[in-house]
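J.: this one's sequence-less:
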């Protein structure tokens, strides 16, 4: 018997990470863009076994491409600011 939590198969993964904080930032980014998402544990519940496994941000398949674009746009726009801060 499989006792691991399973992600909803109806949803598609748009982002994965080992850091809960990073998954929460991405979920907040998607929420602000009007895209509903969930964070699913890939291996183990993070409140029981923190750092074991990873996390997956999942969305409705109809919003998958839009969600990936929102994440990509954020990454592309955030990078120059990080570089400027390091140079100051």
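T.: Yes, it's here. Quick caveat, the model's predicted, so the values are computed rather than measured.

J.: Identify each buried residue in stretch 30-49, please.
T.: By 16 or more other CB atoms under 10 Å, the buried positions in stretch 30-49 come out as 30, 33, 35, 37, 39, 40, 41, 42, 46. Any C-beta I mention is one placed from the backbone N, CA and C, and that applies to glycine too.

J.: Where does pLDDT dip in this structure?
T.: For the chain, the stretches with pLDDT under 70 are 1-9, 44-52, 79-88.

J.: how about 50 then?
T.: 1-5, 82, 88 (pLDDT under 50).

J.: And the helices in it, which stretches?
T.: 20-32, 64-87 (DSSP state H).

J.: May I see those helices organised as TSV, with distance to residue 57 added?
T.: As requested, those are exported to TSV (distance: least, CB to CB, whole Å):
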stretch	distance to residue 57
helix 20-32	5
helix 64-87	8
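
J.: Point out the most buried one among those helices.
T.: helix 20-32 (a mean of 16; mean count of other CB atoms under 10 Å).

J.: What is that one packed up against?
T.: strand 12-17, strand 37-41, strand 55-59, helix 64-87 (3 or more CB pairs under 8 Å, 6 or more residues apart in numbering; DSSP states H and E).
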